[in-house]
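K.L.:
All I have is the shape, not the residue letters:
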């Protein structure tokens, strides 16, 4: 009886491993949406900093709008993703959970900074500069999520995207006081979110109609 149970457990583990093996990832459209929106918002911010576009009094509306647009379009896109063959595979579920967790934390981080900016006493320590930490933190999370993606989807090229994300995070920390920071953030977002998203869309099966 004990031998039979051990054999069944081994078969179960093997089935779980094989279920997600080489199954195409189906979240590419979410990458395209967020990569396009956040990358463009960062590029607009950069153009304002260097004087190409007129500087608005408060740039928070840019990022607030980007968050709202991202989650709104993302909700529509998620319906398309759920209809795609392979969406229920273990690999895709793990990847979806990792990226959803990152998205939730990033949103909470932004909202927390926003609340602190408006509610903390004006004669106390300034928290406005903490918004500059957003992108280094975000790219650090990107690196973690891409590492999980590489393992869950058995696609090693995502490891390089993960390393690239961490490298960009470090570069952004070193350029936080420079005008170049937002350009690096924009190009980095296009490189490690938008481009992989396009590659994923091309490799995934068509959605079920």
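P.N.:
Structure received. For clarity, every value in this text was computed on a predicted model and none was experimentally measured.
K.L.:
Next SSE downstream of the host helix or strand of residue 146?
P.N.:
For residue 146, the host element (DSSP states H and E) is helix 134-153. Downstream of helix 134-153, the first helix or strand assigned by DSSP H and E is helix 157-174.
K.L.:
can you give me the mean pLDDT across the one helix or strand residue 184 maps to?
P.N.:
For residue 184, the host element (DSSP H and E) is helix 180-189. Averaging pLDDT along helix 180-189 gives 95.
K.L.:
by contact count, what packs against the very next helix or strand once past that helix?
P.N.:
Once the chain leaves helix 180-189, the next helix or strand it forms, by DSSP H and E, is helix 195-203. In terms of contacts (3 or more CB pairs under 8 Å, 6 or more residues apart in numbering; DSSP states H and E), helix 195-203 is packed against helix 28-49. Glycine gets a C-beta too; all of them are placed from N, C-alpha and C.
K.L.:
how far out from the middle of the chain is the helix it packs on?
P.N.:
Relative to the chain's own centre, helix 28-49 is displaced by 12 Å; criterion: CA atoms, centre = their mean, to the nearest Å.
K.L.:
got a list of contacts for it?
P.N.:
53-56, 59, 62-63, 65-66, 69-70, 73-74, 77-78, 80-81, 99, 103, 135, 179, 182-183, 185-187, 189-190, 193-204 (CB atoms under 8 Å, 6 or more residues apart in numbering).
K.L.:
ok, now with 7 Å
P.N.:
The contact list for helix 28-49 (CB atoms under 7 Å, 6 or more residues apart in numbering) reads 53, 55-56, 59, 62-63, 66, 69-70, 73-74, 77, 80-81, 179, 182-183, 185-186, 189-190, 193-194, 196-198, 200-201, 204.
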